[in-house]
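Novice: Pasted the sequence and its predicted model underneath.
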Amino acid sequence: MEAFLDTLGAVALIALVVVGLAAGAIAGAVAGRNRLLYLILGVIGAVALPFILAALGVTVVAAGGLLLLLVVAAIGAALVLALVAALRR
């Protein structure tokens, strides 16, 4: 996990946050309410999934480069936002 954090770097972490904010902004615009909640949840999902995959031993995310990392972050943000939307209904 420490090796993953070393390779991730500050730039990649900022990129994960930006992807999460973008996903949260889109979800907030579609939902029309609680935009701040969607922004926060998007960031949590985008940052959490790469760390969870690294903890599970999926090293292809770290080896795949920044583009793959951003795709995984977008998937993580979408999963968290969809889960919260389903639970709120």
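Specialist: Everything's here; your move.

Novice: Show me what the worst-scoring helix or strand of the chain on mean pLDDT is packed up against.
Specialist: The least trusted helix or strand in the chain, going by mean pLDDT, DSSP states H and E, turns out to be helix 60-63, with a mean of 72. Counting by 3 or more C-beta pairs under 8 Å, 6 or more residues apart in numbering; DSSP states H and E, the packing neighbours recorded for helix 60-63 are helix 2-31, helix 35-55, helix 66-88. From N, CA and C alone the C-beta is placed, and that goes for glycine too.

Novice: Just name the most buried of the ones you listed.
Specialist: For the helices and strands packed on helix 60-63, ranked by mean neighbour count under the definition mean count of other C-beta atoms under 10 Å, the leader is helix 35-55 at a mean of 19.

Novice: now for it, which elements pack on it?
Specialist: Counting by 3+ C-beta pairs under 8 Å, 6+ apart, the packing neighbours recorded for helix 35-55 are helix 2-31, helix 60-63, helix 66-88.

Novice: Using a markdown table, lay out these together with distance to Gly45.
Specialist: Written out in a markdown table, the entries for those read as follows (distance: least, C-beta to C-beta, whole Å):
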| stretch | distance to Gly45 |
| --- | --- |
| helix 2-31 | 6 |
| helix 60-63 | 15 |
| helix 66-88 | 3 |
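
Novice: quick one: which of those helices has the weakest pLDDT on average?
Specialist: Averaged per stretch, pLDDT over the helices and strands packed on helix 35-55 is lowest on helix 60-63, reaching a mean of 72.

Novice: From the chain's centroid, how far away is it?
Specialist: Taking C-alpha atoms, centre = their mean, to the nearest Å, one finds the center of helix 60-63 at 15 Å from the center of the full chain.
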